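Novice: make a model of this:
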Amino acid sequence: MRANGLSLKSYLRVTQAAFVALYVIIVSGSLVRLTGSGLGCVDWPACNSSKFVDVSSTHAAIEQINRLFTGVVTIAVMAAVGMSLLLKPRIRNLTLLSWGLVAGVLAQIVIGGVVVLTGLNPYSNMLHFLVSIVLITNAVVLNHRVRAAIDGPRKPEAGGLGAITARLRWVLLIFCGMAIILGTVVTGAGPHAGDENAIRLGIDIGWSVRLHSASVWLCLLSALLLAYRVRKNGKEWQLIGHGLQVFLFWCLFQGALGYLQYFSGVPVPLVALHVAGSVAVWITALRLQLIEG
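Specialist: The predicted model follows:
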């Protein structure tokens, strides 16, 4: 499909770039916290009272680079909005989802300021990450809708996904969401606060880890139950089997990594990988949910 010189395939590349930028800034944001650079810039939006941009120390440079990358993300999501307006005829749901990215990035800029001005309050840090998950969800759905627009409408296939399978996919997604939320609680109670003087949640780290681990096991068990069901139905397996296998890979990898980092004293490289992996698990669960049939 082409709209006055702008093809949906070109627009898809723009939305994919926005998705990558949003993923990268989640990981870079976690590195700010993990390297103790959360207060490398003690003010906002300027780095400090004397300099808007300051890279005079390692902590300041790490925090500053993350802030500056927000500009790249802003350009990417604004491009997604601009390109959606150039499509003729315009596709309303693509435009709305593109504006959703802009609204989310603006919210993140404000929340980022609150994080700094409150001295890395764990609740604001938790909100910062969860809004990032909402943003990446928006980006995944947008890319899915663009691909659907490229492929055009298709008729539902006979013998597609049954009602029980559809419900099990929702159960899996809900448990994954619970795991992510409880993961932020572990972070708020754990040792990597972003600064040695930052306050922590008054929660026992052991119990928070156990609750998070239980939610991950529920997520994995729901995926195995879903796999057991669809394996008995060739049509259902054909539709979601690959997506389910991808999810199970990431879920098992993430679970193993979580136990490894916990029992090895939560070293920074493993925690960074765990953050990136948590987003990958959510994305694969979401894409599994979006498969139509």
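
Novice: confirm Ala198 sits in a helix?
Specialist: No - counting by DSSP: H, G, I helix; E, B strand; the rest coil, Ala198 is located in no helix; its state is coil.

Novice: name the nearest residue to it, sequence neighbours excluded.
Specialist: Computed as Cβ to Cβ, 6 or more residues apart in numbering, the closest residue to Ala198 that is not its neighbour in sequence is Leu120, at 3.9 Å. In short, each C-beta sits where N, CA and C put it, glycine included.

Novice: how much space is there between that neighbour and Cys41?
Specialist: Using Cβ to Cβ, to the nearest Å, Leu120 is found at 12 Å from Cys41.

Novice: please identify which of those two sits among more neighbours.
Specialist: Using other Cβ atoms under 10 Å, the more surrounded residue of Leu120 and Cys41 is Cys41, with 25 against 20.

Novice: now do the strands in the stretch 1-150 of the chain.
Specialist: Secondary structure of the stretch 1-150 of the chain (DSSP state E, counting those that start in this stretch): strands at 2-3, 6-7.

Novice: quick one: mean pLDDT over the last one.
Specialist: Averaging pLDDT along strand 6-7 yields 76.

Novice: now do the helices in the stretch 151-293 of the chain.
Specialist: Here the stretch 151-293 of the chain has its helices, by DSSP state H, counting those that start in this stretch, at 163-189, 205-231, 234-263, 268-290.

Novice: Leu39 and Leu117 touch, don't they?
Specialist: No - if you go by Cβ atoms under 8 Å, Leu39 and Leu117 don't touch, sitting 10.4 Å apart.

Novice: pull the contacting residues for Gly162.
Specialist: Asn233, Glu236 (Cβ atoms under 8 Å, 6 or more residues apart in numbering).

Novice: now it: phi and psi?
Specialist: phi -80, psi 170 (degrees, to the nearest 10).

Novice: tally of neighbours for Ala189?
Specialist: Ala189 has 19 nearby residues by other Cβ under 10 Å.

Novice: what about it, distance to Leu248?
Specialist: 29 Å.

Novice: same deal with Arg200?
Specialist: Taken as Cβ to Cβ, the span from Arg200 to Leu248 is 34 Å.

Novice: check Thr137 too.
Specialist: Separation of Thr137 from Leu248 (Cβ to Cβ) stands at 20 Å.

Novice: residue ranges in this protein under the pLDDT threshold?
Specialist: Scanning the chain for pLDDT under 70 picks out the ranges 1-6, 153-160, 293.

Novice: please redo it, this time with the cut-off set to 50
Specialist: Low-confidence segments of the chain, defined by pLDDT under 50: 1-5.

Novice: let me see the domain layout of it.
Specialist: 1-153, 156-293 (automatic domain parsing).

Novice: hang on, the earlier thing: which one of Leu39 and Leu117 has more residues nearby?
Specialist: Leu39 (21 against 13).

Novice: how about that one, nearest residue that isn't a chain neighbour?
Specialist: Using Cβ to Cβ, 6+ apart, the closest residue to Leu39 is Asp195 (4.5 Å).

Novice: and if you look at Gly277?
Specialist: Gln254 (4.3 Å).

Novice: the one you found contacts Cys219, correct?
Specialist: No - using Cβ under 8 Å, Gln254 makes no contact with Cys219, being 9.5 Å away.

Novice: from Leu168, how far out is Pro122?
Specialist: Taking Cβ to Cβ, one finds Pro122 at 34 Å from Leu168.

Novice: neighbour-wise, which of the two wins?
Specialist: Pro122 (23 against 20).

Novice: isn't Pro191 up against Val266?
Specialist: Yes - contact criterion Cβ under 8 Å: Pro191 and Val266 qualify, at 6.3 Å.

Novice: give me the more crowded residue out of those two.
Specialist: Val266 (18 against 11).

Novice: right, and that one touches Thr187 too?
Specialist: No - using Cβ under 8 Å, Val266 is not in contact with Thr187; the gap is 10.1 Å.
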